[in-house]
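Participant: I'd like to go over a predicted model; first the sequence, then the structure.
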Amino acid sequence: MKRLKKAKHVIYLLIALSMLVIALPRISFAGGMDWVNIFGIVWVLFSLLIIGAHLHFILGVDEEKKRALEAVRRAKLRQWEMKLVDKQEQSKSV
């Protein structure tokens, strides 16, 4: 299942890259800031955003973040448990 998702994102990444490679030479950025040039700039930025999003998923940055956050959560839970045990021991000794 996970491979199928990654394969889907690789295909979408390749499509977005090919669209950018094909369209970029045809977009003219010379001639001032008219609506055509603004559209070309926005289109390129949007395609780069799509490419970045697919690379983010393919490289597994979300999985690394989840693992790191889970480790932090476990460490905090251990700290809270230790504080609770310390409080219980202190209350028993009083």
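Facilitator: Alright, I've got the coordinates. None of the values given here were measured: they were computed from a predicted structure. Numbers count the residues shown, from 1 in each chain.
Participant: Pull the number of nearby residues for residue 31.
Facilitator: Neighbourhood size, residue 31 [other CB atoms under 10 Å]: 8. Glycine gets a C-beta too; all of them are placed from N, C-alpha and C.
Participant: Next: residue 68.
Facilitator: Neighbourhood size, residue 68 [other CB under 10 Å]: 10.
Participant: Distance check, it against residue 44.
Facilitator: 33 Å (CB to CB, to the nearest Å).
Participant: repeat for residue 64
Facilitator: Going from residue 64 to residue 44 by CB to CB gives 29 Å.
Participant: more neighbours, those two?
Facilitator: residue 44 (15 against 10).
Participant: what residues are up against the more buried one?
Facilitator: Residue 44 makes contacts with 20, 24, 27, as judged by CB atoms under 8 Å, 6 or more residues apart in numbering.
Participant: Which elements pack onto the stretch of helix or strand the first one belongs to?
Facilitator: Just to be clear, that refers to residue 20. Assigned by DSSP states H and E, residue 20 falls within helix 2-23. Under the contact definition 3 or more CB pairs under 8 Å, 6 or more residues apart in numbering; DSSP states H and E, helix 2-23 sits against helix 35-58.
Participant: between the helix it packs on and helix 2-23, how big is the angle?
Facilitator: Angle of helix 35-58 versus helix 2-23, following axes from the mean of the first three to the mean of the last three CA atoms, to 10 degrees, is 160 degrees.
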